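Chemist: take a look and give me a structure for this.
(chains A, B, C and D)
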There are 2 protein chains.
Amino acid sequence: MLSTLAAHIRRFVTLSDEEEQILAEYIEIRDVKKKDFLLKEGQVCQGNYFVIKGLCRAYFETERDGDQTSHFAIETWWITDYISLESHKPSGFNIQAVENTTYAVLYRDTQDKLFAAVPQLERYFRIILQRTVAAAHMRVKYLFTKSAEERIDHFTALFPEFVQRVPQYMMASYLGFSPEFFSKIRARKKA
Amino acid sequence: MLSTLAAHIRRFVTLSDEEEQILAEYIEIRDVKKKDFLLKEGQVCQGNYFVIKGLCRAYFETERDGDQTSHFAIETWWITDYISLESHKPSGFNIQAVENTTYAVLYRDTQDKLFAAVPQLERYFRIILQRTVAAAHMRVKYLFTKSAEERIDHFTALFPEFVQRVPQYMMASYLGFSPEFFSKIRARKKA
DNA sequence: GACATTTCTTGAACCAGTTCAAGATTTTGA
DNA sequence: TCAAAATCTTGAACTGGTTCAAGAAATGTC
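Modeler: Residues are numbered from 1 along each chain as shown, chains lettered A, B, ... in the order given. The predicted model follows:
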């Protein structure tokens, strides 16, 4: 189970077998069922979650309409609330399993000790975060310049797996429009 | 000039005077006039820019309307196109000085050598990037849940300096609405 | 294999914000 | 100091999307 994470790390930095052992001591592997929570709004976020198998989403409640899906994670993606992690304040997000999920937790309060023991993990996370920022900028670019329909097409081309694994109303929310409108776009396309 | 950057780094990690000297060898300080470009669309982004004095913005051209401002940087903020930096592909963004600006460049191709010489910079950038991701998530949260007027109020409260230093049409673009609508909101508020 | 729950669709009325166009105001540079 | 350039304002017509409500289809469960 841990091997998935170790393999992912080795795609970016070198990691000896001994270092993998050290990592194992700092990581906890957990299982959750569909709809269970990794993090609940109001809790202070305690760590960073690496999806080994399954699919999770971060979302928050809005006043008017229902939930707003903020982001997703599938196999080999990290997901957390960096705002809460950073500020040590209660999170405004829920992180929930969309499918039955196996994931690894890296706890915030032991993270620095781990990084001291295996310094190239600092580099690994720098690289991961750099990609996360790039993805976030891409997303804003698309939100600002493309119509709802173009956003669907683009996202479907880029991550076809998601569109099959995630209910349509979550996709709609993530892409920034209502589930009803998603339906209408699909109807329009068939014609 | 470099001292501004060194001071910023020391807010997050320790940095000896010798290490500051090493850093100096890898950093270049530059001046640009208002409206000059740090990066132009079509170029491969060569580095990461740290604003010492002044104000810059990243934007891209859109088909229909004019520019779309993607993000800003004032004193002690880093700005770059991580998408291009990461992929080594031509950038889709322009990074431009909004005021006369002094900035430091950290070049991509020597960055790893610098990190090898001063390992805690890896940590410094991990922390900076973590905050950048947090900010990006915050921004999407506001874009999705707040009205144009609420976004103005929130941003003004959070970064009052910006609203004074940046033309209104750039703010409007950054916050995700038209400059005309910004005007109308202001008129509405006075009443 | 049928009942409950979750997800998806459709239509009608509506609205937050856009677009276009023209003028007013402010800032800039020689 | 004054003309040119940049920025901001206002109004009228419009549109991409929302909201509400109700039913249809799919999925999960014992």
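Chemist: what residues does chain A put near DNA strand C?
Modeler: A:167-169, A:179-180, A:182-184, A:186-187 (C-beta under 7 Å from any atom of the strand). For every residue, glycine as well, the C-beta is placed using N, CA and C.
Chemist: just the buried members of those?
Modeler: Of the members of the residues of chain A next to DNA strand C, the ones counted as buried by neighbours, 16 or more other C-beta atoms under 10 Å in any protein chain shown, are A:169, A:179, A:182.
Chemist: got CSV for those residues, with secondary structure and distance to chain B too?
Modeler: Shown next, in CSV, are these (DSSP: H, G, I helix; E, B strand; the rest coil; distance: C-beta to the nearest C-beta, whole Å):
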residue, secondary structure, distance to chain B
A:Tyr169, helix, 15
A:Pro179, helix, 14
A:Phe182, helix, 15
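Chemist: ok, those vs A:Gly42, which is closest?
Modeler: Nearest to A:Gly42 out of these is A:Tyr169 (C-beta to C-beta; 23.9 Å).
Chemist: which residues does the residue nearest to the closest one when sequence neighbours are not counted contact?
Modeler: Among residues not flanking A:Tyr169 along the chain, A:Pro179 sits closest, at 3.8 Å (C-beta to C-beta, 6 or more residues apart in numbering or on different chains). Neighbouring residues of A:Pro179 by C-beta atoms under 8 Å, 6 or more residues apart in numbering or on different chains: A:168-169, A:172-173.
Chemist: which one of those residues is nearest DNA strand C?
Modeler: Nearest to DNA strand C, judged by C-beta to the nearest atom of the strand, of the contacts of A:Pro179 is A:Gln168 at 3.2 Å.
Chemist: wait, that closest one touches A:Glu180, no?
Modeler: No: here A:Gln168 does not reach A:Glu180: they are 10.4 Å apart, not a contact under C-beta atoms under 8 Å.
Chemist: show me what counts as buried in the worst-scoring helix or strand of chain A on mean pLDDT.
Modeler: Every helix and strand of chain A was ranked by mean pLDDT, DSSP states H and E. The lowest is helix A:160-165, at a mean of 90. By 16+ other C-beta under 10 Å, the buried positions in helix A:160-165 come out as A:162, A:165.
Chemist: where do the strands sit along chain A?
Modeler: Per DSSP state E, chain A carries strands over the ranges A:27-32, A:37-39, A:47-53, A:56-61, A:67-73, A:78-79, A:94-97, A:101-107.
Chemist: next, format those as CSV and append mean neighbour count, mean pLDDT and distance to A:Asp17.
Modeler: CSV is the format used below for the strands of chain A (neighbours: other C-beta atoms under 10 Å in any protein chain shown; pLDDT from 0 to 100; distance: least, C-beta to C-beta, whole Å):
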stretch, mean neighbour count, mean pLDDT, distance to A:Asp17
strand A:27-32, 15, 95, 15
strand A:37-39, 20, 96, 29
strand A:47-53, 21, 97, 19
strand A:56-61, 20, 96, 29
strand A:67-73, 20, 95, 27
strand A:78-79, 20, 98, 23
strand A:94-97, 21, 96, 31
strand A:101-107, 20, 97, 18
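Chemist: is it possible to export the ones you listed to CSV including distance to B:Tyr142?
Modeler: Conversion of these to CSV gives the following (distance: least, C-beta to C-beta, whole Å):
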stretch, distance to B:Tyr142
strand A:27-32, 29
strand A:37-39, 20
strand A:47-53, 24
strand A:56-61, 11
strand A:67-73, 11
strand A:78-79, 20
strand A:94-97, 18
strand A:101-107, 28
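Chemist: with distance to chain B added, can I get the ones you listed in CSV?
Modeler: Formatted as CSV, the strands of chain A follow (distance: least, C-beta to the nearest C-beta, whole Å):
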stretch, distance to chain B
strand A:27-32, 18
strand A:37-39, 13
strand A:47-53, 10
strand A:56-61, 7
strand A:67-73, 5
strand A:78-79, 10
strand A:94-97, 12
strand A:101-107, 13
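Chemist: out of those strands, which comes closest to DNA strand D?
Modeler: Checking the strands of chain A against DNA strand D by C-beta to the nearest atom of the strand gives strand A:67-73 as the closest, at 10.7 Å.
Chemist: the closest one and DNA strand D in contact?
Modeler: No: using C-beta under 7 Å from any atom of the strand, strand A:67-73 stays clear of DNA strand D, with a minimum separation of 10.7 Å.
Chemist: tell me where chain A has helices.
Modeler: Using DSSP state H, the helices found in chain A span residues A:2-10, A:17-26, A:82-87, A:108-117, A:120-145, A:148-158, A:160-165, A:168-175, A:179-190.
Chemist: how about those in a markdown table, adding distance to B:Asp31?
Modeler: Compiled in a markdown table, those are given as follows (distance: least, C-beta to C-beta, whole Å):
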| stretch | distance to B:Asp31 |
| --- | --- |
| helix A:2-10 | 41 |
| helix A:17-26 | 44 |
| helix A:82-87 | 33 |
| helix A:108-117 | 37 |
| helix A:120-145 | 26 |
| helix A:148-158 | 39 |
| helix A:160-165 | 45 |
| helix A:168-175 | 42 |
| helix A:179-190 | 48 |
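Chemist: among these, which comes closest to B:Asp109?
Modeler: Among the helices of chain A, if distance is taken as C-beta to C-beta, the winner is helix A:120-145, at 15.5 Å.
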